[in-house]
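# Requesting a structural model of the entry that follows:
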Amino acid sequence: MCGGEGTRLRPLTFERPKPCIPIVNKPSIEHLVSHLSNIGFREVVITLGYMGEVIEHDLGDGSLFGVDITYVHEKTKLGTAGSVKNAQKFLDGQDFLVVGGDHVTDLNLLEFYREHMKERVPATIGLISIDDPSEYGIAEIDVDYHIKRFKEKPAPGEIFSNLASTGMYVCSPEIFDHIPAGKKFDFARDLFPDLMEEGFTISGWLARGNWTDVGSPNMLRQAEKWKLMDIRYTSISGDLTIKTAKIQGPVQLGDSFSMGVNSRLIGPVAIGSGTTIGDNVLIGPYTSIGENCLIKNNARVFSSSIYNRVIIGKNTTISGSIIDNDTLIGDECSIENDTVIGPRVVLRDRVIVHSRTRLWPEVVVRDDTIVKEHVLNDKFDVRCEGS
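Residues are numbered from 1 along each chain as shown. Next up, the predicted model:
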């Protein structure tokens, strides 16, 4: 399911759909499709909404990932269950797995699928223990994993379980008899409560491993950290220029990478092709840097996601932040934790950006400015809540 606008991730989703936000320098949905292919799923149906053509361009017919992809377009928003109903003709007649296009996971979803087939229930919900389940649907299960109660986004006093719905389901074809056609209808808010009220049994599957839906910048950084931890060894593609610098792996380095005197990389780190790092630069663990970036002398980058063609000035420090394409950051700046900077932003020299701040595309911040709140641009929608 790839229909949402990703408003909670703005400014990263003004020019790309949420499933195409880069994680370790490639669209996150590529990680998902590769994972599904690797565990044995070969037929993939993708429901498209906001900027769906970008997803089609990135994935093509799926042959590069070992799958066969069918695309189904939504003309209006149909909700999660309504979106699947819209693709019924490609799914009817067999059990099927439903996954959000923004999910990043290493869960054994083939085991999930097989457990559902044993139960012969209309639907099985993937559940995972989570510290703060208030933003998710939660479920209470019995010893047979049958769901006794289900509550979407519980308020304080309603959190009867920390088993959160992953938004991943395995459904039997009979589920389509309970989803109205052409109407906005959700699995968690509508379908599951209706089925339970009618006396149907819904099962739960207890997931073990890593899972997140990329619904916030913090979740996005967590997902990238997992993927960077999957880098097991140092990989270098093409030519490499290093002048008395030090690399502590594991790292992935693209073609035409160069690194100046006395600079250090401490893995896991991934850096795209054509990127240049100056002298005395420190790149810390859990950092990804895209293609054709320039990191100038004495800069420090820790646990951050730097996209393509970004310039970072001398003596600048970036910590736990996300910086989108074609942004220019001046000298002696400080970008604090959980900051998100949109594309084509210009920060002049000696700018300080406080934690949990977002800068909209194409804004310009003057020298010596301290940014304490979101900097918006009226050329773009200013909402950052919702899907």
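
# For the residue nearest to residue 108 when sequence neighbours are not counted, give me its contacts.
Using CB to CB, 6 or more residues apart in numbering and skipping the chain neighbours, the partner closest in space to residue 108 is residue 39 (6.5 Å). (Glycine included, C-beta is placed from N, CA and C.) Neighbouring residues of residue 39 by CB atoms under 8 Å, 6 or more residues apart in numbering: 108, 109, 110.

# what's the pLDDT at residue 39?
At residue 39, the model reports a pLDDT of 95.

# how close does it sit to residue 114?
Applying CB to CB, to the nearest Å, the value for residue 39 to residue 114 is 11 Å.

# just residue 304 next, same as before
Counting by CB to CB, the gap from residue 304 to residue 114 is 39 Å.

# So if I had to pick from the two, which one is more boxed in?
residue 304 (23 against 13; other CB atoms under 10 Å).

# Can you list which of the contacts of residue 39 are found in strands?
In strands, judged by DSSP state E, none of those are found.

# Weed out the non-buried ones from these.
The neighbour count (16 or more other CB atoms under 10 Å) marks residue 109 as buried among the contacts of residue 39.

# Could you dump the contacts of residue 39 into CSV with distance to residue 119 and pLDDT added?
What follows is these, written out as CSV (distance: CB to CB, whole Å; pLDDT from 0 to 100):
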residue, distance to residue 119, pLDDT
108, 17, 95
109, 16, 96
110, 16, 96
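
# Quick check: of the contacts of residue 39, which lies closest to residue 71?
Distance to residue 71, by CB to CB, is smallest for residue 109 among those, at 20.8 Å.

# so what's that closest one up against?
When contacts are counted by CB under 8 Å, 6+ apart, residue 109 is found next to 35, 36, 39, 41, 97, 99, 126, 168.

# quick one: the fourth one and residue 68 touch, right?
What that stands for is residue 41. No: counting by CB atoms under 8 Å, residue 41 stays clear of residue 68, with 10.3 Å between them.

# Between the two, tell me which one has more neighbours.
Using other CB under 10 Å, the more surrounded residue of residue 41 and residue 68 is residue 41, with 18 against 12.

# dump the residue contacts of that one.
Residues near residue 41 by CB under 8 Å, 6+ apart: 67, 97, 109, 110.

# try it again with 10 Å
The contact partners of residue 41, by CB atoms under 10 Å, 6 or more residues apart in numbering, come to 33, 35, 66, 67, 96, 97, 99, 109, 110, 113.

# rewinding a little: can you select the buried ones among the contacts of residue 109 for me in PyMOL?
In PyMOL, this line selects whichever of the contacts of residue 109 come out buried by 16+ other CB under 10 Å:
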select buried, resi 35+36+41+97+99+126+168
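
# Just give me the closest of the contacts of residue 109 to residue 210.
For the contacts of residue 109, the closest approach to residue 210 (CB to CB) belongs to residue 35, at 10.7 Å.

# which SS state does that closest one fall under?
Put simply, residue 35 is helix when judged by DSSP: H, G, I helix; E, B strand; the rest coil.

# doesn't residue 106 make contact with it?
Yes: with contact defined as CB atoms under 10 Å, residue 35 reaches residue 106; the gap is 6.8 Å.

# of all the contacts of residue 41, which comes closest to residue 274?
Closest approach between the contacts of residue 41 and residue 274, by CB to CB: residue 33, at 26.3 Å.

# Spatially nearest residue to the closest one, not counting backbone neighbours?
Leaving aside its chain neighbours, residue 33 sits nearest to residue 65 (4.8 Å; criterion: CB to CB, 6+ apart).

# residue contacts, that neighbour?
Counting by CB under 10 Å, 6+ apart, residue 65 touches 30, 32, 33, 34, 35, 36, 37, 38, 42, 44, 59.

# Show me which of the residues you listed are buried.
30, 32, 33, 35, 36, 37, 44, 59.

# Can you list the buried residues in the helix ranked longest in the chain?
In the chain, with assignment by DSSP state H, the single longest helix is helix 217-229. Within helix 217-229, the residues scored as buried using 16+ other CB under 10 Å are 217, 219, 220, 221, 223, 224, 225, 226, 227, 228.

# Just send the contacts of residue 109 back as a markdown table, with distance to residue 320 and secondary structure too.
As requested, these are exported to a markdown table (distance: CB to CB, whole Å; DSSP: H, G, I helix; E, B strand; the rest coil):
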| residue | distance to residue 320 | secondary structure |
| --- | --- | --- |
| 35 | 26 | helix |
| 36 | 30 | helix |
| 39 | 31 | coil |
| 41 | 34 | coil |
| 97 | 33 | strand |
| 99 | 28 | coil |
| 126 | 29 | strand |
| 168 | 28 | strand |
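
# Buried residues, stretch 169-185. List them.
Neighbour-count burial for stretch 169-185 flags 169, 170, 171, 172, 175, 178, 179, 185 (criterion: 16+ other CB under 10 Å).
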